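Peer 1: Quick one, what's the 3D model for this:
(2 chains)
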Amino acid sequence: MARSDFQTPPGTRDLTEPTSSRVRRLVALFAEEAERAGFGQIVPPMFEDVGVFVRLGESSDVVAKELYSFTDKGGRDLALRPEFTASVCRSFAQTRPLLPWKTWYSGPSFRYDKPQKGRYRQFDQVGAEVIGSDDPDLDTELIALAWRFFAKVGLRDVALSVNSLGDFADRPAYLDALGAYLRSNADALSEQSRATMATNPLRVLDSKRPQDAAVIAEAPILLDFLSESAAVAFERVTAGLKALGVPFQVAPRLVRGLDYYTRTTFEFAASGLDAAQNAVGGGGRYDGLVEALGGPPEPGIGFALGVDRTLLACDAEASFPAERRPIDVWVVSTTAGTEGIELVEALRNDGIRADRAYGGRSMKAQMKVADRSGASIALIMGEDEAAAGTVAVRMLRDGGGQEPIDRSRVLEKVRSLLP
RNA sequence: GUGGCCGUAGCUCAGUUGGUUAGAGCGCCUGGUUGUGGUCCAGGAGGUCGGGGGUUCGAAUCCCCUCGGUCACCCCA
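Peer 2: A predicted model of the protein is given here:
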C-alpha cells in the first residue's frame, strides 16, 4: 500500500465517482426539501473562534477531546467546526436577521475521533435550524422535514425516537433523583458508567454496555420531571407528529451528547445498518445556546443528518443507487490536423456530452476506449473522412451501423440520434 | 482514548513446516497484415510482500516497534 509517499489522513477519504455525484444528488434533494419549506442556505466558515464551540458544552466529548483546534499566525485560537449549530447561532447573534430565522446547510464537519464504519474525522452533514420561535409546531415541522427527506431518498428502515429533556429549570430535581438512583445502584453498573456518572449522569442513560441495561431500564425518567409548559409543549409535538403521519416512539432515555439540548430531542436510527454507528441524524431544541454565544435570548431548534451514514443505510436497503451517467459521444480521430479537437469543442458548445482520446492512439485503441466510455455514438474521422469532408457516425450500442455524414451536418445528426 | 482482527501488483486474492528469479484472475498497454470497439488469441508493463528494527546461512512467512485499515467500547452524524 505504500506506493505513494502520501495518503489521506486517518478518517478522511477521497470521494470520487460515482460516490461524489451520489453525495451531490443527496444534498440537492435536501436543499430542495428545505427551500420548499422556507429555509435559506447558510454557508458559514469551516473554522471559528474555539470559544464558539466550547459553548456547546465542555463536558461533551465533542468539545473536550474531539476538537480540531489550532492557533493561526495571528495568534487566534480557532477550531474546525465539529458541527453547524454553533456556527448558525453565532451567525445569528452577529447579524440579527429577521425572526424566525430558518436556514439549511450542507458541508463537512470535523471531529478527532477514532475512525470506524460510518464515523470519519471529516464527515458530511446536511441540516436545518430555526432560531426565534419556541412554537412546538416548529419542532414537529422540522422533524417532518427530515422525515420527508429520508422518504425521498427511499430509506424505509428509519426509526424516529423522540424525547423531551425539559427546560434547564427542570434539570436539577431530575439530576438529583437520577444521581441518587445511580449511586444506589453503582455496584451493578459498569466501571465506565460509574465514571461518567460523576461528570454527566444523564449520559449514563446512553450506555450500550449490556451490564448497564438493567439499571438504566429502571432509572427515573426526565418526562416525569417536566414543568407544566414543557409537558404541554411535548404533547403538542407528539400530537403533531401523529397528525402528520410521522411514525415515532417516545424514548424517555434518549439523551444525546451535546449539552445544549432542551425540551424536544430526537434521533433517527437506520435499522438497516447493523453497525454501531446507526444514528443517521438527530437534533433538538437549544433554547439557551444563542444567548450563551452573546446573542439575545432567542430559542432555537435544529437537526443534522449524516450524509455518509445515510448513504451507508441506503446501501443496506439498496435504495438511492449510485448513478453513472456516461458520455454521449466519443470522437475518434486519427488525422494529423485539428479536426478532432474542433469536433469535440463543437459538440460541447452545442450542449452534447462529448469526449475523446489523447496521445494519438491507434484507431483500434481509440475505439476500445470509446466502447468502454459507455458512449452510444462514435464519431470517426480518419484520413478518408478528412479528405471527403465527412464524419463517420457509428452507433456503438446496438449492433452498430455506420454512415458517413457531411461535416456541416454532424451536430444535427447527433442531436437526432440522442434521446 | 481502550481492546480484537487485518495489511502481498490498480482491484480481488494465492503463496506449502522460513529456502534460492513472489504468483493467479480481473483491469491496463501493444499486437493478431490492408483505418473500427464489445468475443477470442498472443505478448507486455506493473510489487522496496505497509514501514523500520531484530532472529537466522536464508523471511512475504518468526519476534518487537511503528504506520494504516477494520470492528467493538466510547462518542455521535
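
Peer 1: Residue numbers of the stretch 151-300 of chain A in contact with RNA strand B?
Peer 2: Neighbours of RNA strand B within the stretch 151-300 of chain A, by C-beta under 7 Å from any atom of the strand: A:192, A:196, A:203, A:206-209, A:256-258, A:267-268, A:274-277, A:279-283. In short, each C-beta sits where N, CA and C put it, glycine included.

Peer 1: Would you mind listing which of those are buried?
Peer 2: When those are checked for burial by 16 or more other C-beta atoms under 10 Å, the buried set is A:196, A:203, A:206-207, A:256-258, A:267-268, A:277, A:279-283.

Peer 1: what's the closest of these to residue A:249?
Peer 2: Nearest to residue A:249 among those is residue A:267, at 10.6 Å by C-beta to C-beta.

Peer 1: so how far is residue A:397 from that closest one?
Peer 2: According to C-beta to C-beta, to the nearest Å, residue A:267 and residue A:397 sit 47 Å apart.

Peer 1: repeat for residue A:71
Peer 2: 58 Å.

Peer 1: thinking again about what came up before, and the residues of the stretch 151-300 of chain A next to RNA strand B, which of them are in strands?
Peer 2: Mapping those onto strands (DSSP state E) picks out A:267-268, A:279-283.

Peer 1: Nearest to RNA strand B: which residue in chain A?
Peer 2: residue A:257 (1.5 Å; C-beta to the nearest atom of the strand).

Peer 1: What are the neighbouring residues in contact with that residue?
Peer 2: Counting by C-beta atoms under 8 Å, 6 or more residues apart in numbering, residue A:257 makes contact with A:60-62, A:203, A:206.

Peer 1: Now the closest residue to residue A:77 other than its chain neighbours, what are its backbone angles?
Peer 2: Among residues not flanking residue A:77 along the chain, residue A:50 sits closest, at 4.6 Å (C-beta to C-beta, 6 or more residues apart in numbering). Torsion angles at residue A:50 (phi, psi; degrees, to the nearest 10) stand at phi -60, psi -30.

Peer 1: Does residue A:50 touch residue A:80 like I think?
Peer 2: No: the pair residue A:50 and residue A:80 does not pass the contact test of C-beta atoms under 8 Å, sitting 9.9 Å apart.

Peer 1: any shared contact partners between those two?
Peer 2: In contact with both residue A:50 and residue A:80: A:67, A:69, using C-beta under 8 Å, 6+ apart.

Peer 1: sorry, back to before: among the ones in strands among the residues of the stretch 151-300 of chain A next to RNA strand B, which one lies nearest to residue A:230?
Peer 2: residue A:283 (17.2 Å).

Peer 1: Pull out the buried positions in stretch A:170-185.
Peer 2: Judged by neighbour count (16+ other C-beta under 10 Å), stretch A:170-185 contains these buried residues: A:170-171, A:174, A:177-179, A:182, A:185.

Peer 1: Next: stretch A:7-25.
Peer 2: Of the residues in stretch A:7-25, A:11, A:22-23 count as buried by neighbour count, 16+ other C-beta under 10 Å.

Peer 1: Ok, stretch A:350-369 next?
Peer 2: Quick answer for stretch A:350-369 (16+ other C-beta under 10 Å): A:352, A:354-357, A:366-367, A:369.

Peer 1: ok, residue A:157 - contacts?
Peer 2: A:270-272, A:313, A:316-317.

Peer 1: Can you flag which of these belong to helices?
Peer 2: Among those, DSSP state H puts A:313, A:316-317 in helices.

Peer 1: before we move on, the earlier item: just the buried residues from the contacts of residue A:157, in ChimeraX please.
Peer 2: The ChimeraX selection below is limited to those of those classed as buried (16+ other C-beta under 10 Å):
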select /A:270,272,313,316,317
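
Peer 1: Of the contacts of residue A:157, which one scores lowest on pLDDT?
Peer 2: Taking pLDDT as the measure, the contacts of residue A:157 have their low point at residue A:272 (76).
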